[in-house]
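Student: The amino acid sequence is not available; the structure is as follows:
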């Protein structure tokens, strides 16, 4: 089973990573987990001010922060993984990566802020669930994330 894990650096993302580690341990054969991190693009004026190298450094630092604890946990557990570091709107990018990687399951965290706030703020998790062609496991995190 090929599992994708959407990561954003939050506590709920860490909880989702722990869930994937548990799943991987129970599988007879383990394919590398696909870690997906999506960073929002910078405003054009900011990107121009930073330049190409500065903009790349900004996105690299965001990815390093978001993936730091997940990378360490997977390495400690001896679980192989690949990374997909993407830029754009999170939900479509996650779904596209899952499709391209031919994943059988997507695991992601939810901040647990509730349906009413999601209606007004827009929720990546809700968008992914609504459009995913593969099963999605949502691991609830704390409302304080």
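Tutor: Sure thing, it's come through. Treat the numbers as computed from the prediction; the structure is a model and nothing was measured.
Student: Which stretches in the chain count as strands?
Tutor: For the chain, the strands defined by DSSP state E cover 3-6, 33-39, 81-87, 105-110, 136-140.
Student: The third one versus strand 33-39: what angle between them?
Tutor: Calculated by axes from the mean of the first three to the mean of the last three CA atoms, to 10 degrees, strand 81-87 forms an angle of 20 degrees with strand 33-39.
Student: going forward can the numbers begin at 37, since that is how I track them
Tutor: Yes, from this point I'll number from 37; that puts the last item at strand 117-123.
Student: Let me see the mean pLDDT of the longest helix along the chain.
Tutor: If you go by DSSP state H, the chain has its longest helix at helix 80-113. Across helix 80-113, pLDDT averages out at 92.
Student: Same list, the strands of the chain, but as a markdown table with mean pLDDT please.
Tutor: Converted to a markdown table, the strands of the chain look like this (pLDDT from 0 to 100):
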| stretch | mean pLDDT |
| --- | --- |
| strand 39-42 | 98 |
| strand 69-75 | 96 |
| strand 117-123 | 95 |
| strand 141-146 | 93 |
| strand 172-176 | 91 |
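Student: Can you tell me which of the ones you listed is packed in deepest?
Tutor: The highest mean neighbour count among those, using mean count of other CB atoms under 10 Å, belongs to strand 39-42: a mean of 27. Quick note: C-beta positions are derived from backbone N, CA and C, even for glycine.
Student: hang on, the earlier thing: output the strands of the chain as JSON lines; include the columns distance to residue 92.
Tutor: Below are the strands of the chain laid out as JSON lines (distance: least, CB to CB, whole Å):
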{"stretch": "strand 39-42", "distance to residue 92": "22"}
{"stretch": "strand 69-75", "distance to residue 92": "11"}
{"stretch": "strand 117-123", "distance to residue 92": "10"}
{"stretch": "strand 141-146", "distance to residue 92": "26"}
{"stretch": "strand 172-176", "distance to residue 92": "31"}
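Student: picking up where we left off before, what separates the longest helix of the chain from the chain centre, distance-wise?
Tutor: Relative to its parent chain, helix 80-113 has a centroid offset of 13 Å by CA atoms, centre = their mean, to the nearest Å.
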